[in-house]
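[1] could you work out the structure for the sequence below:
(one chain, ligands or ions: 2)
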Amino acid sequence: MKKDINWGELGFAYMPTDYRFVSNYKDGAWDEGALITDPNVVINECAGVLQYAQTCFEGLKAYTTEDGHIVCFRPDLNAQRMEDSAKRLEMPVYPQDKFIEAVKKVVLANEDFVPPYGSGATLYIRPYMYGSNAVIGVKPATEYQFRILVTPVGPYFKGGVRPLTLRISDFDRAAPRGTGHIKGGLNYAMSLHAIVDAHNQGYDENVYLDAGSRTYIEETGGANILFVTKDNKVITPKSDSILPSITRRSLMVVAKEYLGLETEERKIALDEIGDFAECGLCGTAAVISPVGKIVDHGKEICFPAGMEKMGPVTQKLYDTLTGIQMGRIPAPEGWICTIK
Ligand code: PLP
Ligand code: COI
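    Ligands and ions are numbered 1, 2, ... in the order given. Coordinates of the predicted model:
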């Protein structure tokens with residue numbers, strides 16, 4: 001039986017569910033892994049994750065489809081990205097097939113927490129891995145824990161799909177040749193001060209510029225960014241220091257193959273964004289959230305789509321992507337992983 005949760009009122013917050021998946025790495029090998037009920041982690045005071053932030057994570061969602069199945073969206077790409085993150089942080093790789101198997105197991109075990117179709121909520125799935133044994137010299141841990149927690153969530157940004165106001169950040173997110181392209185906790189730790197400050201100043205998120213030249217748009221703290229030009233082309237920044245968003249990569253396919261729009265991945269200068277018609281943030285948590293305005297040190301860049309509702313192309317992208325995820329629109333081969 002579904003849990004007694006007011007699905008429609010959920011924000012993006014943690015709620016403990018009944019089970020989590022845990023696997024430990026020791027002596028060069030992962031154990032079988034198991035579903036456990038304890039939401040707490042007990043580790044050594046000197047664990048690699050606590051001292052040197054040796055941790056990476058993923059984010060994906062489970063959806064209830066129109067015909068009552070439970071599915072998730074392109075988990076193979078999350079498994080691949082977690083492998084890339086682990087390698088960059090000198091962590092062992094959790095095998096991709098086992099990653100997908102564990103996602104399925106933990107979602108099924110928490111089936112009663114998967115929000116019903118049409119509720120506006122989804123089950124957020126958070127795989128993560130961290131160095132668990134003691135290290136005091138700066139070096140990788142030798143023992144790790146891979147864990148997946150799930151939690152039902154609503155919209156990431158308060159107010160649902162109300163267009164957002166962003167600011168150009170004076171802080172940089174990721175160095176050239178640094179770690180911006182992986183999903184390491186370190187990239188989020190550094191963003192905390194910037195996001196608290198942005199919120200204090202009345203902005204929803206920070207837009208980061210490329211740290212090398214501070215000329216080009218990179219992404220925000222928790223989502224990639226895309227723009228629609230006045231002639232309906234969907235464009236998104238090309239950069240080695242942004243996270244390769246699975247949502248963004250999927251939306252580019254949706255734009256081209258489903259909506260027949262031209263798409264382009266290229267460097268986008270801060271100087272040119274005033275010419276664009278629409279802007280949106282895309283990610284698993286953000287889905288595609290419309291941006292009404294970007295403020296660059298007092299100069300307001302207002303998108304013609306306005307502050308009231310999504311622009312027309314953003315709306316079509318949103319409807320098509322969520323239609324695919326919820327089973328209303330046929331998906332490209334391999335995009336939907338049926339759990340039940
Ligand atoms: N960029 C950052 C910094 C993120 O944290 C996320 C969220 O996962 C994304 C982009 C979007 O990635 P995805 O669409 O794979 O969730
Ligand atoms: C996600 O969209 O899955 C993320 O990890 C973004 C995070 C800021 C919640």
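[2] so for whatever residue of the stretch 51-200 of the chain ends up closest to ligand 1, what pLDDT did the model give?
    Going by CB to the nearest ligand atom, ligand 1 is nearest to residue 59 of the stretch 51-200 of the chain, at 4.6 Å. (Glycine included, C-beta is placed from N, CA and C.) Here the pLDDT value assigned to residue 59 is 98.
[3] cool, the one 10 residues further on as well?
    Turning to residue 69, the model gives it a pLDDT of 98.
[4] then the one 10 residues further on?
    Residue 79 carries a pLDDT score of 98 in this model.
[5] and it, what does it touch?
    Contact analysis of residue 79 by CB atoms under 8 Å, 6 or more residues apart in numbering lists 58, 94, 96, 99-100.
[6] any idea how far the closest residue to residue 39 other than its chain neighbours is from residue 340?
    Leaving aside its chain neighbours, residue 39 sits nearest to residue 16 (4.6 Å; criterion: CB to CB, 6 or more residues apart in numbering). Distance, residue 16 to residue 340, using CB to CB, to the nearest Å: 22 Å.
[7] try residue 206
    For residue 206, the distance to residue 340 - CB to CB - is 38 Å.
[8] which residue of the two possesses the greater neighbour count?
    Between residue 206 and residue 340, residue 206 has the larger neighbour count (other CB atoms under 10 Å), namely 23 against 13.
[9] three-state assignment of that one?
    Secondary structure, DSSP: H, G, I helix; E, B strand; the rest coil: residue 206 is strand.
[10] which one is it nearest to, not counting chain neighbours?
    residue 169 (3.8 Å).
[11] what sits against the one you found?
    Contacts of residue 169 by CB under 8 Å, 6+ apart are 194, 198, 206-209.
[12] list just the nearest of the contacts of residue 79 to residue 123.
    residue 58 (14.1 Å; CB to CB).
[13] could you pull up the residues touching that closest one?
    Contact partners of residue 58, counting by CB under 8 Å, 6+ apart, are 78-79, 81-82, 85, 125-128, 183.
[14] now it: how far from residue 204?
    Residue 58 is 24 Å from residue 204, by CB to CB.
[15] endpoints of stretch 24-32, how far apart?
    Its first and final residues considered, stretch 24-32 spans 8 Å by CA to CA, to the nearest Å.
[16] just the residues contacting it, thanks.
    With contacts defined as CB under 8 Å, 6+ apart, stretch 24-32 is touched by 23, 92, 94-95, 98, 132, 142-146.
[17] let's see it at 7 Å
    For stretch 24-32, the external contacting residues (CB atoms under 7 Å, 6 or more residues apart in numbering) are 23, 92, 94, 143-145.
[18] mind listing what the closest residue to ligand 2 within the chain touches?
    Per CB to the nearest ligand atom, residue 59 is where the chain lies closest to ligand 2, at 2.2 Å. Each residue near residue 59 by CB under 7 Å, 6+ apart is listed here: 124, 126, 284-285.
[19] skipping adjacent residues, who's closest to residue 88 in space?
    The nearest residue in space to residue 88 (CB to CB, 6+ apart) is residue 182, at 4.8 Å.
[20] helix, strand, or coil at that neighbour?
    Three-state assignment for residue 182 (three-state DSSP): coil.
[21] next up, the contacts around residue 98.
    Applying CB under 7 Å, 6+ apart to residue 98 gives no contacts.
[22] residue 188 belongs to a helix?
    Yes. Secondary structure of residue 188 (three-state DSSP): part of a helix.
[23] excluding its backbone neighbours, what's nearest it?
    Spatial nearest neighbour of residue 188, excluding adjacent residues (CB to CB, 6+ apart): residue 221 at 7.3 Å.
[24] please apply the same query to residue 274.
    Spatial nearest neighbour of residue 274, excluding adjacent residues (CB to CB, 6+ apart): residue 301 at 5.0 Å.
[25] and what of residue 191?
    Nearest non-adjacent residue to residue 191 (CB to CB, 6+ apart): residue 221, at 4.2 Å.
[26] how is the chain partitioned into domains?
    Listed domain ranges for the chain are 7-153, 164-324 (source: automatic domain parsing).
[27] do the longest one and ligand 2 meet?
    Pointing back at domain 164-324 there. Yes. Between domain 164-324 and ligand 2, judged by CB under 6 Å from any ligand atom, the touching residues are 222, 283-285.
[28] which residues in the chain form helices?
    In the chain, the helices defined using DSSP state H lie at 48-52, 75-88, 96-109, 185-189, 191-200, 246-253, 312-325.
[29] okay, these in a markdown table with distance to residue 6 next?
    Below are the helices of the chain laid out as a markdown table (distance: least, CB to CB, whole Å):
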| stretch | distance to residue 6 |
| --- | --- |
| helix 48-52 | 34 |
| helix 75-88 | 28 |
| helix 96-109 | 21 |
| helix 185-189 | 28 |
| helix 191-200 | 25 |
| helix 246-253 | 26 |
| helix 312-325 | 21 |
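[30] and these: which comes nearest residue 273?
    Among the helices of the chain, helix 312-325 comes nearest to residue 273, with 14.9 Å by CB to CB.
[31] what lies in contact with that closest one?
    Residues from elsewhere that reach helix 312-325 (CB under 7 Å, 6+ apart): 63, 73, 228, 232, 234, 250-251, 254-255, 258-259, 278, 280, 287-288, 290, 305, 310, 329, 331, 335.
[32] which of these fall in strands?
    Among these, DSSP state E puts 63, 73, 228, 234, 278, 280, 287-288, 290 in strands.
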